[in-house]
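1. No sequence on hand, only this structure:
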């Protein structure tokens, strides 16, 4: 591959967006910068595309989006007589531009398009696919990544992200498309006039909110609890729908973080708009010195994840993890449905297998079936769809991932921070009427079920060399499996790439899940270390579970395991 030749072709032809020409001209003669932009094409996986916004085959731009959309059009036309697609987008730089380009290309290929008339949360896209019964969906978002990123996620007709097989076939079509000569396109406004592109309006969002509101289990408790909430949409899509649903259930005192209220893809006050990190709460915490709120909420830019901070009994803010919120929500839903006599006898809850095992212990108390699935909410979406096909949609209680993604209800097949925000507020209001804040609630769960310390350590490997390094790390773990991690003996190793669990006594068991590049070490004392490359970022993540009789002991164990994981990554 002659990278300079590809660069020169782009320099001549990439004139659809003036930003691209300026960028390409500015790197002329800089081999390292040219290499980084052209050493590969952005990979199209089950999460679609994700990358830095800019010029080149390894960047998010109008040409990489156009090529992917042409390939998607070819895939849909091969499988459907009259294909259709729903499109959504978030507040990120060029998301609206890319969404219109994608719509124009789909329409030119005979694919009917339903597009939101303004930015909307990812779960609203999932809802729209099912509402309009489209063949698939696209959302322009990079979730909680820094501002320089954007992404293009593809969904199938069930409303969850494409399966591995669907994505692989679509990628086959994409690879046949030339960036400059292989893309069909018509004028966006002309396609609107002919009906090939149709705007989705406020009525669709209201229907979505109607379904969200049905997930309340104590619909009147909020109105009388006097709950005070500070909310930040982190300059993303959550501002309108989250505020509307909180208003619907009776949360009267909602204070919005003004600097983070309106859409802004530069995320000026939070360079990493990720509700997992404390920095995004700094302004809200400062506001709370005078407001005295019971709960601080922050949703990420595409509003599929939500994080919370809760003042403890001394007024000190505590950031609760995704694992803790998932466990609390599950306990709240199960306990309240059980108390009201509305918990299905065949109730089922689910989490990603890297999320806290505390949830499984809680589910057992209520005789709720529990499933552990691969990381990726599409697997939870598949489970819901299977339940629905069996007439068992009402058995689904909730699903969650440790990375702050939750879903109750079957209105969407992806994580939904709108319904999660509503239920977190309802839960906080309910316990407030019992004289408890959510920190106290979480501690009561630890007291009852044991102390689970769950930590995630991320290791970043940028660029071409980083991709190679990540592959070497995973290969080394497979080829040179240790006998212990820290001072804890390994009881079994589950390799999800080979679909095989090997026990230290020589036994082997088949893993009945799709193949994935993940290795899980089960250690003595119910401790765990799971290692997996991220599907959307240049990172390897180590998921640590430490279990003990006290939180301090659990934290000490976790630090020992993290130190051992650090050695893997060298």
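-> Great, that's in hand. Just so we're clear, the structure is a prediction, and the values are computed from it rather than from any experiment.
2. Going along the chain, name the strands of the stretch 101-250 of the chain.
-> 112-116, 136-140, 149-156, 197-200, 228-232 (DSSP state E, counting those that start in this stretch).
3. For residue 213, which of those strands is the nearest?
-> Judged by C-beta to C-beta, the one of those that comes nearest to residue 213 is strand 228-232, at 16.8 Å. All C-beta atoms are positioned from the backbone trio N, CA, C, and that covers glycine.
4. What is that closest one packed up against?
-> Strand 228-232 sits against helix 239-248, strand 253-256, helix 282-291, strand 295-299, with contacts defined as 3 or more C-beta pairs under 8 Å, 6 or more residues apart in numbering; DSSP states H and E.
5. Might you quantify the distance of it from its chain's geometric centre?
-> Centre-to-centre, strand 228-232 and its host chain are 22 Å apart (C-alpha atoms, centre = their mean, to the nearest Å).
6. And the contacts of the helix or strand containing residue 19?
-> Using DSSP states H and E, residue 19 falls within helix 18-26. Applying C-beta atoms under 8 Å, 6 or more residues apart in numbering, the external contacts of helix 18-26 come out as 7, 10-11, 14-15, 54-56, 61-63.
7. quick one: contacts of stretch 255-271?
-> Contacts for stretch 255-271 (C-beta under 8 Å, 6+ apart): 91-95, 119, 146-147, 228-237, 239, 243, 273, 279-280, 283-284, 287, 291, 293, 298, 301.
8. Mind checking the helices and strands packed on strand 228-232 for the one nearest to residue 521?
-> Closest approach to residue 521 among those is made by strand 295-299 (32.7 Å; C-beta to C-beta).
9. in the closest one, what counts as buried?
-> Within strand 295-299, the residues that count as buried by 16 or more other C-beta atoms under 10 Å are 295-299.
10. Please produce JSON lines containing the strands of the stretch 101-250 of the chain, extended by distance to residue 178, mean neighbour count and mean pLDDT.
-> What follows is those, written out as JSON lines (distance: least, C-beta to C-beta, whole Å; neighbours: other C-beta atoms under 10 Å; pLDDT from 0 to 100):
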{"stretch": "strand 112-116", "distance to residue 178": "23", "mean neighbour count": "22", "mean pLDDT": "98"}
{"stretch": "strand 136-140", "distance to residue 178": "21", "mean neighbour count": "29", "mean pLDDT": "98"}
{"stretch": "strand 149-156", "distance to residue 178": "18", "mean neighbour count": "25", "mean pLDDT": "98"}
{"stretch": "strand 197-200", "distance to residue 178": "24", "mean neighbour count": "18", "mean pLDDT": "98"}
{"stretch": "strand 228-232", "distance to residue 178": "43", "mean neighbour count": "25", "mean pLDDT": "98"}
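11. possible to save the ones you listed as CSV with distance to residue 506?
-> Below are the strands of the stretch 101-250 of the chain laid out as CSV (distance: least, C-beta to C-beta, whole Å):
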stretch, distance to residue 506
strand 112-116, 55
strand 136-140, 46
strand 149-156, 41
strand 197-200, 57
strand 228-232, 53
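12. Let me know how buried the nearest residue to residue 532 once chain neighbours are set aside is, in neighbour terms.
-> Excluding the flanking residues, the one nearest residue 532 by C-beta to C-beta, 6 or more residues apart in numbering is residue 518, at 4.2 Å. By the measure other C-beta atoms under 10 Å, the count of residues near residue 518 is 22.
13. quick one: contacts for residue 518?
-> 374-375, 494-497, 530-532.
14. Test my guess that residue 372 contacts residue 360.
-> Yes: under the criterion of C-beta atoms under 8 Å, residue 372 makes contact with residue 360 at 7.4 Å.
15. Pick out whichever of these two has more residues nearby.
-> Set side by side, residue 372 and residue 360 show more neighbours around residue 360, with 18 against 15, by other C-beta under 10 Å.
16. which residues touch the more buried one?
-> 351, 370, 372.
17. For residue 362, see how far away the second one is.
-> Noted for residue 370: a distance of 9 Å to residue 362, by C-beta to C-beta, to the nearest Å.
18. Compare the two (neighbour count), which wins?
-> residue 362 (24 against 18).
19. mind checking which helix or strand the more buried one is in?
-> Residue 362 belongs to helix 358-365, assigned by DSSP H and E.
20. Now that helix: average pLDDT?
-> In this model, helix 358-365 carries a mean pLDDT of 97.
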